[in-house]
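# Quick one, structure for this:
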Amino acid sequence: MSVAIAKKTCFDDVTEITGALVPKQEVLVYPDREGLMIWKVLVDAGAKVDAGQPLAQLMNPETQSQIPVQAPVAGIVRSANTVIGSFASARAQPLFRIIAGGELELSSQIATKYLSKLSVGLPAKIKVAGMEELPGKLRFVSNTVDPTTQLGEVRLSVASDQGLKAGMLGRAYVSSGRTCGAIAVPLSALLYSEEGTVVQVVRDEKVESQFVTTGLQSEGNIEIRQGVAEGDMVVSRAGAFLRDGDRVTPLVEEEAESRVPPQARWGQP
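Next up, the predicted model:
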């Protein structure tokens, strides 16, 4: 029977956050006054613009004079709600939405139990599908939560990358600390029942079920806060085929691995 030795190790307290990329700051562009008609559109959605760059030309139907619409900030045009010949209005949708500086960040709604251990400035690793992992950090943690959903907003700054687009989904891993000296066993050693979480401990070559209190997880291991002591032998791949009192011959995982022929271990004929 393959067993693992419960031993002290270090765990990173990592919170996994899933969300979408949104503009860090979005600037809305409206006409200066009513009654102007859209005469020319000079940029499309997705265009990179400079501050002061003309975006469109409006025309006063009464005087036939043209009035330029300029970008108030540099950035990327997220949307252009412009139809030539229609009238622009400050009471309607903005003519343009500009992502200021082209800066995006990851926005997510997370449960209150995670909000309490997060703070602005914590480092993060951010993964967006199809791209390399990017560094980031926690920029905003909400001080309020929705009373119905019990969720609060967090926002994470993301390192600039041309491949990032608003609306993309991403996953962030935020590290809020490191705990050392905790007892760890493999995740595969856990059994779950209606009464609680159990590991099977081997003592005097007999199996004993032991209820445990678990904590942090890292790299296939889980912290055991109560129920298992350092040096205990636990069944590394727990299963229902073992019962309390069953007699077994424990083999520590490294020892068990060494007894397997290399061909069987690596799947060679």
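
# neighbours around Ser142, how many?
16 (other C-beta atoms under 10 Å). Yep, even glycine has a C-beta here, placed from its N, CA and C like the rest.

# Which residues are in contact with it?
Counting by C-beta atoms under 8 Å, 6 or more residues apart in numbering, Ser142 touches 115, 152-154.

# Return the member of those residues nearest to Lys40.
If you rank the contacts of Ser142 by distance to Lys40 using C-beta to C-beta, Glu153 comes first, at 39.1 Å.

# Would you quantify the distance from that closest one to Met59?
42 Å (C-beta to C-beta, to the nearest Å).

# Show me which pair in the contacts of Ser142 is furthest apart.
Within the contacts of Ser142, Leu115 and Glu153 form the most distant pair, 9.2 Å apart (C-beta to C-beta).

# Neighbour count: these two, which is higher?
It is Leu115, of Leu115 and Glu153, that has more neighbours when counted by other C-beta under 10 Å, with 20 against 16.

# and the residue lying closest to that one once chain neighbours are set aside, what is it in contact with?
Distances taken as C-beta to C-beta, 6 or more residues apart in numbering place Gly152 nearest to Leu115, at 4.8 Å, with adjacent residues excluded. Listed by C-beta under 8 Å, 6+ apart, the contact partners of Gly152 are 109-110, 112, 115, 141-142, 144-146.

# which residues does Gly152 bridge with?
Beta-bridge partners for Gly152, by DSSP bridges, are Ile110.

# Below-threshold pLDDT in the protein: ranges please.
Where the chain drops to pLDDT under 70, the residues are 239-240, 253-269.

# Could you chop it up by domain?
Following automatic domain parsing, one finds the domains of the chain at 2-11+180-266, 13-23+104-178, 27-100.

# how far out from the middle of the chain is the first one?
I take that to be domain 2-11+180-266. Between the centre of domain 2-11+180-266 and the centre of its chain there are 30 Å (C-alpha atoms, centre = their mean, to the nearest Å).

# Could you list the residues in contact with stretch 200-218?
For stretch 200-218, the external contacting residues (C-beta under 8 Å, 6+ apart) are 1, 3, 11-14, 179, 182, 187, 189-191, 195-199, 222-228, 232-235, 238, 242-250.

# How about that stretch, which residues are buried there?
Across stretch 200-218, burial judged by 16 or more other C-beta atoms under 10 Å covers 200-202, 207, 209-210, 212, 214-216, 218.

# just stretch 51-60 next, same as before
Neighbour counts using 16+ other C-beta under 10 Å place 55-59 of stretch 51-60 among the buried residues.

# Pick the one among those closest to Gly102.
Looking across the buried residues of stretch 51-60 and measuring by C-beta to C-beta, the closest to Gly102 is Leu55, at 15.7 Å.

# now that closest one, nearest residue through space, not along the chain?
Ranked by C-beta to C-beta, 6+ apart and with sequence neighbours excluded, the top spatial neighbour of Leu55 is Val69, at 4.9 Å.

# Look up phi and psi at that neighbour.
Note on Val69: backbone dihedrals following degrees, to the nearest 10 are phi -110, psi 120.

# isn't it right next to Val29, touching?
Yes - between Val69 and Val29 there is a contact under C-beta atoms under 8 Å: 6.5 Å.

# tell me, what's touching these two both at once?
Listed as contacting both Val69 and Val29 by C-beta under 8 Å, 6+ apart are 55, 95-96.

# nearest to Ala80, of those residues?
Taking these together and measuring to Ala80 by C-beta to C-beta, the closest member is Phe96, at 5.4 Å.

# Kind regards, and thank you for your time.
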